[in-house]
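Engineer: Kindly return the folded structure for what I paste below:
(2 chains)
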Number of protein chains: 2
Amino acid sequence: MQTVNPYEVKGELDYDKLISDFGLRPMMKETTERFEKLAKGSHYAMRRGLYFAERDLNWLMDQYEKHNKFYIYTGIAPSGGMTIAQTMQFQMAKWLQDRFDAEVLIMIPDEEKFLVKRNPAFTLENGHNLAMEDALDIAALGFDSKKTQIFLDTEYAKTLYKQAVRVSKYVTYSIIKDAFGFGNDTNIGALFYTSFQAVPAFLKSVQAEKNIPCLIPMGVDQDVHFRVARNAISKLGYYKPASLVSKFMPGLSMNPKMSASDPNDTIYLSDDEATVVKKVNKAITGQQDTAELQKKYGGNPDKCAVCQYYRYMFEPDDKKLNAIFEGEKKGTLLAGEHKKDLAMRINTFLKEHRAMKKKLEGKLESFMIRD
Amino acid sequence: MQTVNPYEVKGELDYDKLISDFGLRPMMKETTERFEKLAKGSHYAMRRGLYFAERDLNWLMDQYEKHNKFYIYTGIAPSGGMTIAQTMQFQMAKWLQDRFDAEVLIMIPDEEKFLVKRNPAFTLENGHNLAMEDALDIAALGFDSKKTQIFLDTEYAKTLYKQAVRVSKYVTYSIIKDAFGFGNDTNIGALFYTSFQAVPAFLKSVQAEKNIPCLIPMGVDQDVHFRVARNAISKLGYYKPASLVSKFMPGLSMNPKMSASDPNDTIYLSDDEATVVKKVNKAITGQQDTAELQKKYGGNPDKCAVCQYYRYMFEPDDKKLNAIFEGEKKGTLLAGEHKKDLAMRINTFLKEHRAMKKKLEGKLESFMIRD
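Structural biologist: Here you go, the predicted structure:
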C-alpha cells in the first residue's frame, strides 16, 4: 500500500501504479520529442523520465501550435527553509519560461501548513514569514520579473476567494475525503483549501476574459489537487490545466521523498559550505562497505543518494551522468571522491543562488502581486 | 422534532426547547431592565420577549459599565429582495447604535446563498448584485454612516480570509456536520463558510489590537454559527461575542418563519402600495369565519398574522398593542378594518424607506468598506 497526497507520502513508491491509480498519462517518448521540438531544446529531467507522467500535454502543444500560448503555474507551501529538492519545479518552470517565453504564476499558500500541520506552535504568522523567504528564494532562481508573478494567499485573497468559492461549489466533502485522507477530525479550512490551490490554474483566463491554456509542473503528490480541480474548472467553462508530473527527488538518506523537516535528509538553500560537505559525507551511497569491496563488486546507483543527486539536479549532461553511474556500478568510483565532487557542485549552485538573492535585495517587490 | 439552523427551519417551533438545546440564556426580566437602564430607553422587541434569549449580555453590560464599549455586528445573506422581517435585526442594530453610540459592522455574505442553494441558476454574480441592493436597503434604515461599515464578503475577502483561516483551524468537520445538517454531499465552500461569518465578531479587536466587546442581534437560526465560533474565537484569545437572540417574525400566512422565497407569505421592501394592500388582505387572521361569529366568539391573536405584525414591528406602543389584542380576542375588532390599518402602517414605513433610499442615492459608498 502506498499513500501519495500532499499531506502524506507513505509506503514503497510504485510510479507505474500511481499512473494507473491517478489516471495519469505516462510520459511517452513521442510526447517528449514533440515537446523538445517546440521548446527548441531538451531538459534533462524530461529526457530522464524524472517527469514520468503528464496530463493533456499533447493538447497543450496543439494549442501552442495554433498560437494559443500557455502560462505556467507552480508553487510551494512554506513549511521551513526551502530545500534543494523543492527547487525542482521552479527550475523546470524557469526553463519553460525561457523556452516558451511564458508567463509564470507562483502561488505561495502561506496558510496551508498552518491549516494542515498538527503542530500548534506553527502559526499563520510563521507561514507568512516563511512565505516571504520562499518568495525571495524562488525569484533568485532566475525568473524574469516582467513575466513572473508571485503571490501569498493571504495577500491575494480578495482575488482568490471569489474564484475559490466558484470551484468549491463543485467539490463535495465526499470527493475530498478519500482523495486527501481527510476525516471527521479535519478542520474546515483544510477541507476548503484545495479550492484555493485550484484558482491559479484558470485565473489568467478569468482576468483575460478568454481561455488561456495553463501548464503545471508538479510533484506527483500534488496531482490530487488537480484531479479534483480539473473537473470543477471545466464545469466553470475554463480549460483544464495540463501538467508535467515528477517523481520525488530522494533524500540524502534515500528517503523516497526528501523530507523538508529532517535536516539530515535534506539540504536547505540556506546551508553553508561546511554544512553541505558534512551532510553529503553522511549521505547513503549504493557502494560496498569498504573501498576494497567496492572495487571488487561495484555498487548500485539506484540505491545511491549521491548518484541520484547527480541525476535529479547536478549533472545535466547525460554522458557524464552515465559515466558516474557506470563508475559506481563497476567500482571504479569511490565514495570519498564521489561525495566531494557532489558537495562542490551543490556549493557552486548555492553560492550562485546566494549571489542572486543579494542582487535581488530590495527588488523582490517587482515579482509580487497583492490585492 | 424541530430543525433550526441557517439553512433549514422545520417543525413546530418550541423556543423553550431551543433555549435548552442551544444552551442559550432565557431573557430575564432583570437583564432586560438592566439593559434598558444602560440604554436609557426601552425597545418594544425586548420588552415583548421577541428577543427571547441571549448570550453573555450581563458580561457585556459589566464591560460597558467599565467603559469598555461594545460594537454591534449583524448581517444578511442576500437571496432575493429584502423582506420586512429581515429588517428586524437591522432595526434593532440601529436602535442599539443610537442608544449606545455604537459602531455597527454589517456583513453581507454575497457568496453564502450561492454555496448553499441547490438552484444552479443562482450565480455568484446574482449574489453580488442582490448584496448591493441589500446594502442600500440596510443603509436606508437610518444608520449613521460615520459609525456604520457595510461590506460584501467577496470585496473584503483579503481581510476576512486571513482571520477565517484562524477560526477554521478550531472547527472540524465533525463539529459542523450535525450542527448545520451537513453531509457527504455538502460542498467544501459551504463547509468552510461559517469561518467567514465568525470573523466580524472579533475583527474590530484584531484591527484595534485590543479586545473590544461585540454584541450580535440575530434570529435564532443563526445561533449555530456563533455556538461554533465562540469556542474558536475564545481560543484565539478574543472575547466571545454576546448576542440578542430573536424569535422569527411569522409570515402573512402564519408560516412560523416568514419565507423570503414565498411572495405571498412575505412583504418585500420593494412592494408598492397596492401590492401591500393585496397581500395584507390575504393574510391569515385569528378571527372567526364571519363578522357575526367573530363578534360573538372573538378570535385568537396568537394565530393572527395581522396581530403578530403589530407585535413584531408596527405597533411599538404596548398599550395600543394590548388594545388591538383585546379587540381581536373580544371580537370588537373586525378583520377588514384591522387589515386596512396594518396595510397603511406598512405602507407608511415603506414610503419612508423609499424616500430614505432616494436620499442616499450616490451616497451608499460612505457606508461601504472594501479591501
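Engineer: Would you mind confirming that residue A:286 is in contact with residue A:298?
Structural biologist: No - contact criterion Cβ atoms under 8 Å: residue A:286 and residue A:298 do not qualify, at 9.0 Å. From N, CA and C alone the C-beta is placed, and that goes for glycine too.
Engineer: before we move on, which element is residue A:149 in?
Structural biologist: strand A:148-152 (DSSP states H and E).
Engineer: The helix or strand following that strand near chain B anywhere?
Structural biologist: Note on strand A:148-152: by DSSP H and E, the next helix or strand toward the C-terminus is helix A:157-168. Yes - counting by Cβ under 8 Å from any Cβ of the partner chain, chain B has neighbours in helix A:157-168: A:157, A:158, A:160, A:161, A:162, A:164, A:165, A:166, A:167, A:168.
Engineer: Tell me the helices and strands packed up against helix A:157-168.
Structural biologist: helix A:188-198, helix A:203-208, helix A:223-235, helix B:112-116, helix B:124-139, helix B:157-168, helix B:188-198 (3 or more Cβ pairs under 8 Å, 6 or more residues apart in numbering or on different chains; DSSP states H and E).
Engineer: after it comes which helix or strand?
Structural biologist: According to DSSP H and E, the helix or strand after helix A:157-168 is helix A:173-180.
Engineer: how about that following helix: buried residues?
Structural biologist: A:173, A:175, A:176, A:177, A:180 (16 or more other Cβ atoms under 10 Å in any protein chain shown).
Engineer: end-to-end on stretch A:104-118?
Structural biologist: Length of stretch A:104-118, first residue to last, Cα to Cα, to the nearest Å: 32 Å.
Engineer: Number of residues surrounding the residue of the stretch 1-150 of chain A found nearest chain B?
Structural biologist: Nearest residue of the stretch 1-150 of chain A to chain B (Cβ to the nearest Cβ) works out as residue A:111 at 4.7 Å. By other Cβ atoms under 10 Å in any protein chain shown, the residues close to residue A:111 number 29.
Engineer: which residues touch the nearest residue to it once chain neighbours are set aside?
Structural biologist: Spatially, and ignoring its direct neighbours in sequence, residue A:111 is nearest to residue B:165 (4.7 Å; Cβ to Cβ, 6 or more residues apart in numbering or on different chains). Residue B:165 is in contact with A:111, A:114, A:115, A:124, A:154, A:189, B:195, counting by Cβ atoms under 8 Å, 6 or more residues apart in numbering or on different chains.
Engineer: Quick check, residue A:134 in contact with residue A:106.
Structural biologist: No - assessed by Cβ under 8 Å, residue A:134 is found out of contact with residue A:106, at 9.3 Å.
Engineer: does the most centrally placed residue in chain A count as helix, strand or coil?
Structural biologist: The C-alpha lying nearest the average C-alpha coordinate of chain A belongs to residue A:89 (Cα atoms, centre = their mean; 3.5 Å). When classified by DSSP: H, G, I helix; E, B strand; the rest coil, residue A:89 comes out as helix.
Engineer: Equivalent analysis for the one 5 residues further on, please.
Structural biologist: Three-state assignment for residue A:94 (three-state DSSP): helix.
Engineer: Quick check, pLDDT for it.
Structural biologist: Confidence at residue A:94, expressed as pLDDT, is 98.
Engineer: Can you get me a residue count around it?
Structural biologist: Residue A:94 has 20 nearby residues by other Cβ under 10 Å.
Engineer: surely it meets residue A:141?
Structural biologist: Yes - with contact defined as Cβ under 8 Å, residue A:94 counts as touching residue A:141 (5.6 Å).
Engineer: Quick check: longest helix in chain A by residues?
Structural biologist: helix A:335-360 (DSSP state H).
Engineer: same for that one, what does it pack against?
Structural biologist: With 3+ Cβ pairs under 8 Å, 6+ apart as the test, helix A:335-360 has helix A:124-139, helix A:273-281, helix A:305-309, helix A:318-330 packed against it.
Engineer: what about the first one and chain B, any contact?
Structural biologist: Yes - if you take Cβ under 8 Å from any Cβ as the test, helix A:124-139 does meet chain B, through residue A:124.
Engineer: for the record, mean pLDDT for that helix?
Structural biologist: On average, the pLDDT along helix A:124-139 is 96.
Engineer: residues shared between the contacts of residue A:134 and residue A:106?
Structural biologist: Joint contacts of residue A:134 and residue A:106 (Cβ under 8 Å, 6+ apart) are residue A:76.
Engineer: Domain parsing of chain A, as residue ranges.
Structural biologist: Domain ranges of chain A: A:3-248, A:273-359, per automatic domain parsing.
Engineer: What is the end-to-end distance of the last one?
Structural biologist: So that's domain A:273-359. With Cα to Cα, one end of domain A:273-359 sits 20 Å from the other.
Engineer: what residues does the stretch 151-300 of chain A put near chain B?
Structural biologist: Within the stretch 151-300 of chain A, the positions near chain B by Cβ under 8 Å from any Cβ are A:153-158, A:160-162, A:164-174, A:176-177, A:182-192, A:194-195.
Engineer: ok, of those, which come out buried?
Structural biologist: The buried subset of those (16+ other Cβ under 10 Å) comprises A:153-158, A:160-162, A:164-173, A:176-177, A:182, A:186-192, A:194-195.
Engineer: Now stretch A:238-246: buried residues?
Structural biologist: For stretch A:238-246, by 16+ other Cβ under 10 Å, it's A:238, A:239, A:240, A:241, A:242, A:243, A:244, A:245, A:246.
Engineer: likewise stretch A:23-33?
Structural biologist: A:24, A:27, A:31, A:32.
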